[in-house]
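Engineer: Below is the sequence, then the predicted model.
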Amino acid sequence: MVTLFCSARHGGLRLGKVNVFPNSEALNHAVASAIVKCAQHSVALRGRFSIALSGGETPRSIYQLLHQVPFHHQMPWQQTHIFFTDERTVPPDHKDSNFGMANSALLSRVPLLQENIHRIEAEDPQPKAAAHRYAETLEKFVPRRHQLPQFDLVLLGVGTDGHVASLFPGTTILQETAQLVAAVMVEKLKTWRISLTFPVINHADNIFIIAAGSEKASVLEEVFAGNSQAKFPVQQLQPEGNLSWFLDKDAALKLPSSK
Ligand code: 6PG
């Protein structure tokens, strides 16, 4: 593993720690291991661990690793509270459901308490109502620290268009400051999404951004080039806690010190 830079500020985004791995297997192991460490630390400190899981393809193998040796036995499952960064407006058993993916890859295979699994009810025909209910869920189940609910860990992927969670370029949710969770029409996908907003993501104690594959190299190149003009949603992140990047070699191909 190579650590590229620590705590540099690139444009608006403080980069934090950037870890690059030779392949996706090493990347997945490192992320699983870092999740376990964060969980153990949070439980030792506060008696519980609140994590927001992302969807997409990249985290699937990480979720699958977490129920295997050695991670399965290292995770404090009984004290772990599961949330989601975003959801597609489909029922939970739909192939596109982020909950569905995490459930089959991990949640149904580990001794989590059912009442500690908080999914976004995105099958609701009124996405705004579902977003409002999820905001209430956060208020109720994620401990408030300094005015806002604070996750111990938020996992984020990044799209080739620079979106994180369901914060897509050109959408109104990017400017949302009042709501913790919002529904947003994503015109290019012709669908509604429900997503955590920047204020609650930024407020997390830890954020991990995970990216694998050469198709992510160009967007990461621009993010790490540090232009002051934020072009991509990922550049709008202003983490108040720790930010760590976990990249495989292909995703990091165009990063300054990887050339
Ligand atoms: C989703 C996500 C989304 C995802 C990125 C990266 O619901 O799709 O939460 O933000 O993390 O699109 O997705 P991949 O891992 O599939 O590239």
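Structural biologist: That came in fine, so what should we check first?
Engineer: Distance check, residue 13 against residue 231.
Structural biologist: 11 Å (Cβ to Cβ, to the nearest Å). (Glycine included, C-beta is placed from N, CA and C.)
Engineer: er, residue 243 actually
Structural biologist: Residue 243 is 19 Å from residue 231, by Cβ to Cβ.
Engineer: Neighbour count for these two, which is higher?
Structural biologist: Of the pair residue 243 and residue 231, residue 243 is the one with more neighbours under other Cβ atoms under 10 Å, namely 23 against 14.
Engineer: Give me the neighbour count for the nearest residue to the more buried one once chain neighbours are set aside.
Structural biologist: Once flanking residues are discounted, residue 243 sits nearest to residue 16: 3.1 Å by Cβ to Cβ, 6 or more residues apart in numbering. Residue 16: 21 surrounding residues under other Cβ under 10 Å.
Engineer: Mind naming the longest helix for this structure?
Structural biologist: Secondary structure assigned by DSSP state H gives helix 24-46 as the longest helix of the chain.
Engineer: buried ones in the next helix-or-strand element following it?
Structural biologist: Using DSSP states H and E, the helix or strand that follows helix 24-46 towards the C-terminus is strand 49-53. Going by neighbour count (16 or more other Cβ atoms under 10 Å), the buried part of strand 49-53 is 49, 50, 51, 52, 53.
Engineer: ok, what's across the strand from the second one?
Structural biologist: Spelled out, it's residue 50. residue 81 (DSSP bridges).
Engineer: what sits against it?
Structural biologist: Applying Cβ atoms under 8 Å, 6 or more residues apart in numbering, we find residue 50 in contact with 42, 81, 83, 141, 142, 143, 150, 151, 152, 153.
Engineer: tell me, how many neighbours does the nearest residue to residue 144 once chain neighbours are set aside end up with?
Structural biologist: Counting by Cβ to Cβ, 6+ apart, residue 150 is the residue found nearest to residue 144 once chain neighbours are left out, at 7.0 Å. If you count neighbours by other Cβ under 10 Å, residue 150 ends up with 20.
Engineer: got it, and the one 10 residues further on?
Structural biologist: Neighbours of residue 160 under the rule other Cβ under 10 Å: 14.
Engineer: right, and out of the buried residues of strand 49-53, which lies closest to residue 99?
Structural biologist: Using Cβ to Cβ, residue 53 comes nearest to residue 99 of the buried residues of strand 49-53, at 8.6 Å.
Engineer: measure the closest residue to the closest one other than its chain neighbours to residue 92 for me?
Structural biologist: Nearest residue to residue 53, sequence neighbours excluded (Cβ to Cβ, 6+ apart): residue 102, at 5.1 Å. Going from residue 102 to residue 92 by Cβ to Cβ gives 10 Å.
Engineer: which residue ranges form the helices in the protein?
Structural biologist: 24-46, 60-66, 71-74, 98-105, 127-141, 198-202, 217-225.
Engineer: Of all those, which one is nearest the ligand?
Structural biologist: helix 98-105 (5.0 Å; Cβ to the nearest ligand atom).
Engineer: can you give me how far the closest one is from the chain middle?
Structural biologist: 14 Å (Cα atoms, centre = their mean, to the nearest Å).
Engineer: helices and strands around it, which ones?
Structural biologist: helix 60-66, strand 80-84, strand 86-88 (3 or more Cβ pairs under 8 Å, 6 or more residues apart in numbering; DSSP states H and E).
Engineer: what's the neighbour count on residue 187?
Structural biologist: Neighbour tally, residue 187, other Cβ under 10 Å: 10.
Engineer: And residue 240, by the same measure?
Structural biologist: Counted with other Cβ under 10 Å, residue 240 comes out at 16.
Engineer: Now do the same contact list for it.
Structural biologist: 202, 203, 204.
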